[in-house]
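Trainee: A predicted structure for the sequence below; I have some questions about it.
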Amino acid sequence: MDKEKLYILKGKCILSVSAFFLATSALFTAGNILKNNNSLEITTINITEMAKAPVIKKTGTINEKRKLIEVDDMEINKSIQNDNMITKIASLENNVIWRLPTEMGRISSYPNYYHVAYDITSPRGSSEVIYPVAKGIISGIYTDSAGAKIVTVRHLINGTYYSSQYVHLSNYANIYVGQEVDHNTPLGWMGTTGRSTGVHLHIALIDCNMFGTTDSCSDLNGFFRQAKIRYNQGFFGLGSVIYVPSSWNNR
């Protein structure tokens, strides 16, 4: 037998032995798999579904990704709810109906039958800015017979008219009759114009339509008469609609 035929025979033998060992190994592995698992499941990957699923992480199954998406949505909703709650709280704070008329103040006189108003002093004196006690419309800017500079504001709250009067101002702010005002609109500065024993604000509040035409409070005399009537009925002005402390450092 020549060398060439000998080499061919050796090669065929080697291939036959290799094939035998490969087949034996495959059968042994399959036997172990069948022994440990009663059934085999073929896993397929749906490329289209994978492409449509939003990518939250680079690993994980589609179902896991969907769960992550749901959790993220819940967190977003919680965030929106929290933002809404903060907005509601802020809205409630901004919609406070009644406020004190000065940033700093101390009560120097309380309402009585002949003086149905609070007198308020301030360490700032004539530098203290006077603000409306509630949203409303300026109904009067005038000086009385004694020389007191006065501003009146009409308020319509929950279907009821109220009128607030700010007396003894040193100067008016840049305001006009018919102007809509709120808690942050300056009306003027604390003063001692008119019959006054010192720099202070005389603030009167009555539930009537001052300078209106539909009730007994249509002029100043009517306002004073109504103030005494309401005082006898237990209405003491600003203190009947809001807590008025003896002193304060902010509104």
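Mentor: Yep, it's here.

Trainee: any low-confidence regions in this protein?
Mentor: The model of the chain has pLDDT under 70 over residues 1-95, 214-215.

Trainee: domain ranges for it, per the record?
Mentor: 49-95, 105-248 (automatic domain parsing).

Trainee: I'd like those as TSV, with mean neighbour count appended.
Mentor: C-beta coordinates here come from the backbone N, C-alpha and C atoms, glycine included. Below are the domains of the chain laid out as TSV (neighbours: other C-beta atoms under 10 Å):
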stretch	mean neighbour count
domain 49-95	10
domain 105-248	17
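
Trainee: might you report the residue contacts of the spatially closest residue to N184 that is not a sequence neighbour?
Mentor: Spatial nearest neighbour of N184, excluding adjacent residues (C-beta to C-beta, 6 or more residues apart in numbering): Y131 at 6.7 Å. By C-beta atoms under 8 Å, 6 or more residues apart in numbering, the contact list for Y131 reads 99, 101-103, 183-187, 251.

Trainee: ok, now A134?
Mentor: 97-99, 153, 155, 157, 162, 164, 183.

Trainee: quick check: closest non-adjacent residue to it.
Mentor: H155 is the one closest to A134 (C-beta to C-beta, 6+ apart), at 4.8 Å.

Trainee: now swap in W248 and tell me
Mentor: G105 (5.9 Å).

Trainee: ok, now G234?
Mentor: With C-beta to C-beta, 6+ apart as the criterion, G234 has its nearest non-adjacent residue at 7.7 Å, and that residue is S240.

Trainee: got phi/psi on that neighbour?
Mentor: Main-chain dihedrals, S240, degrees, to the nearest 10: phi -90, psi -10.

Trainee: do Q233 as well
Mentor: When read as degrees, to the nearest 10, the backbone of Q233 gives phi -90, psi 0.

Trainee: kindly report the same for I107.
Mentor: With angles defined as degrees, to the nearest 10, I107 sits at phi -70, psi 120.
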